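Peer 1: Kindly return the folded structure for what I paste below:
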Amino acid sequence: MYRGIEIIAEVKTQSPFGFKSEKTWDELFKIANKIGDIISIHTDPRWGGSFDLVRKARALTEKPILAKGIHANDELIEQAVAAGADWILVVGRTSNIYPEKCWIEPNSLEELRHTPQNFRAVWNSRDLETGGLKKETFEEARKIWPGWLVQASNIRTVSDIKPGADAILVGSCLLEFARSLS
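Peer 2: Just a heads-up that it's a prediction; the model follows:
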């Protein structure tokens, strides 16, 4: 935790937008497990993830695990829970299956406005279609979302944490962020 803000440390070896980690999954996991309150493990192969990696992480830590992926259907949510995830990120939709475990990542402020208040929300500054930045900001999301809200993507150091974030999700810049905590 950093100043009352939960740290969700992501184990990400690659992305479809050109990121490739110099560290192995195991090396990144050790860092994430050291600094994270919650460990984020990708389930989508485009980000170097799989449900097997969620199972591996579950065997390596007692910390809560967020299965990070788009999870476009309920079967994928069930697979994440079966693999040992405590939380499941769902992009662009809500689900009636395990709603108490689902964190919703809307693609737009309009989707966020229509997200039921019983979900936790994640505002990703990255546009998942292009890899670029969204035009809509975390600050705008915070104004319309009164509930628990995660700031995600483009967090390099503690100085990038936005006021109003209940938690942050740090991925590609995990090493740099970990150094900034000292």
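
Peer 1: Do a quick rundown of the helices in this structure.
Peer 2: Counting by DSSP state H, one finds helices in the chain at the ranges 25-35, 51-60, 74-83, 109-113, 138-144, 174-180.

Peer 1: For those helices, give me a markdown table that also has distance to residue 68.
Peer 2: C-beta: built from backbone N, CA, C; applies to glycine. Below are the helices of the chain laid out as a markdown table (distance: least, C-beta to C-beta, whole Å):
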| stretch | distance to residue 68 |
| --- | --- |
| helix 25-35 | 12 |
| helix 51-60 | 9 |
| helix 74-83 | 9 |
| helix 109-113 | 18 |
| helix 138-144 | 18 |
| helix 174-180 | 13 |
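
Peer 1: In TSV, list these along with mean neighbour count.
Peer 2: As requested, those are exported to TSV (neighbours: other C-beta atoms under 10 Å):
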stretch	mean neighbour count
helix 25-35	17
helix 51-60	17
helix 74-83	18
helix 109-113	15
helix 138-144	16
helix 174-180	18
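
Peer 1: Where does pLDDT dip in this protein?
Peer 2: Scanning the chain for pLDDT under 70 picks out nothing.

Peer 1: Of the helices of the chain, which is nearest residue 158?
Peer 2: Closest approach to residue 158 among those is made by helix 174-180 (4.9 Å; C-beta to C-beta).

Peer 1: what helices or strands is that closest one leaning on?
Peer 2: Secondary-structure packing of helix 174-180 (3 or more C-beta pairs under 8 Å, 6 or more residues apart in numbering; DSSP states H and E): strand 6-11, helix 25-35.

Peer 1: Now do the last one: distance to the chain's middle.
Peer 2: When C-alpha coordinates are averaged (C-alpha atoms, centre = their mean, to the nearest Å), helix 25-35 and its chain have centres 15 Å apart.
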